[in-house]
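what's the 3D shape of this:
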Amino acid sequence: MTKRISILALLFILLSCSLFDEEVEKADDPQGIEISPGDDFQSIIDANPAGSTYILKSGLHRMQEIWAQEEDTYIGEDGAILNGSRLLTEFEQEGGLYYAPDQTQQSGDHGNPFVCPEGWERCDYPEVLYIDDEPLRHMTSLEDVVSGSYYFDYDAELIYFADEPDGKKVETSITDFAFFFSASHVTIKNIIVEKYANHTDWGAVGGDQVTSWLIEAVKSA
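Now for the predicted structure:
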């Protein structure tokens, strides 16, 4: 009888410890307004007061540009990704190359002809083509396109490339910024920022005339 009571007491202690650990973990989790993949970030931010805390749920948040308010905090769950590209799914063929139609995005080049090295004259055009997460080289003419490269015909609104797209993830950068410096005393933590169409001398987290931004554990790709 005594042995049975001892076992029950031990089980009770173990269960209590487990519940306590769960409560501690919950207490350690940041609290705030949750933003899920597919949500419109800016409409949520604009609907809340300055100084709010936002929790970016794990997953891919595509083509979001955030204009923060004073003293806002943005914290990503593990695996929260801000992705500035659009997924391309429609392709046609012409002259041995593939092309993606209806590409109207155009931010323009840097304006300084000495920014890019020889052979990479379009390095400062922010519209980049990715295949399976690898950026391709932007060529200056259609005739130069080979495997691993592309040519954006801005006038025709077509992106040409040589690599077979079937079964692959093809993306092109669209959105200029992930965060624009529109306020001061903003905190950003634990977010992956990738594939934004920012210019050569600007980051995807950029802006001017603001102070005191705290950026921690933010990975840019």
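
And the average pLDDT for stretch 124-135 is what?
Stretch 124-135 shows a mean pLDDT of 95.

Let me see the contact set for the closest residue to Gly79 other than its chain neighbours.
Distance criterion CB to CB, 6 or more residues apart in numbering; nearest residue to Gly79, sequence neighbours excluded, is Ser58 at 3.9 Å. Using the backbone N, CA and C atoms, a C-beta is placed for each residue, glycine as well. Contacts here follow CB atoms under 8 Å, 6 or more residues apart in numbering; on that basis Ser58 touches 76-80.

repeat for Pro37
Pro37 neighbours (CB under 8 Å, 6+ apart): 57, 59-62.

I'd like to know which of those residues are buried.
Buried by 16 or more other CB atoms under 10 Å: 61-62, out of the contacts of Pro37.

OK, contacts around Val210?
For Val210, the contacting residues are 181-184, 186, by CB under 8 Å, 6+ apart.

Adding distance to Asn112, write the contacts of Ser58 out as TSV.
Shown next, in TSV, are the contacts of Ser58 (distance: CB to CB, whole Å):
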residue	distance to Asn112
Gly76	34
Glu77	39
Asp78	39
Gly79	37
Ala80	35
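
could the contacts of Pro37 be laid out in CSV, adding distance to Asp176?
Formatted as CSV, these follow (distance: CB to CB, whole Å):
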residue, distance to Asp176
Lys57, 23
Gly59, 22
Leu60, 18
His61, 15
Arg62, 14
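
In helices, which of the contacts of Pro37 appear?
Within the contacts of Pro37, no residue falls in helices by DSSP state H.

Identify the farthest-apart pair in the contacts of Pro37.
Across these, the longest distance by CB to CB is 13.4 Å; it joins Lys57 and Arg62.

that older thread, neighbour-wise, which one of the contacts of Val210 leads?
When the contacts of Val210 are compared by neighbour count (other CB atoms under 10 Å), Val186 ends up highest, at 25 neighbours.

need the contact list for that residue.
By CB under 8 Å, 6+ apart, the contact list for Val186 reads 68, 70-74, 179, 210, 212-214.

please redo it, this time with the cut-off set to 7 Å
68, 71-72, 213 (CB atoms under 7 Å, 6 or more residues apart in numbering).

Could you chop this protein up by domain?
When the chain is parsed with automatic domain parsing, its domains come out as 1-30, 31-84+175-220, 85-173.

Of those domains, flag the one that's most buried.
domain 31-84+175-220 (a mean of 17; mean count of other CB atoms under 10 Å).

What is the distance between that one and the centre of its chain?
Computed by CA atoms, centre = their mean, to the nearest Å, the chain-centroid distance of domain 31-84+175-220 equals 9 Å.
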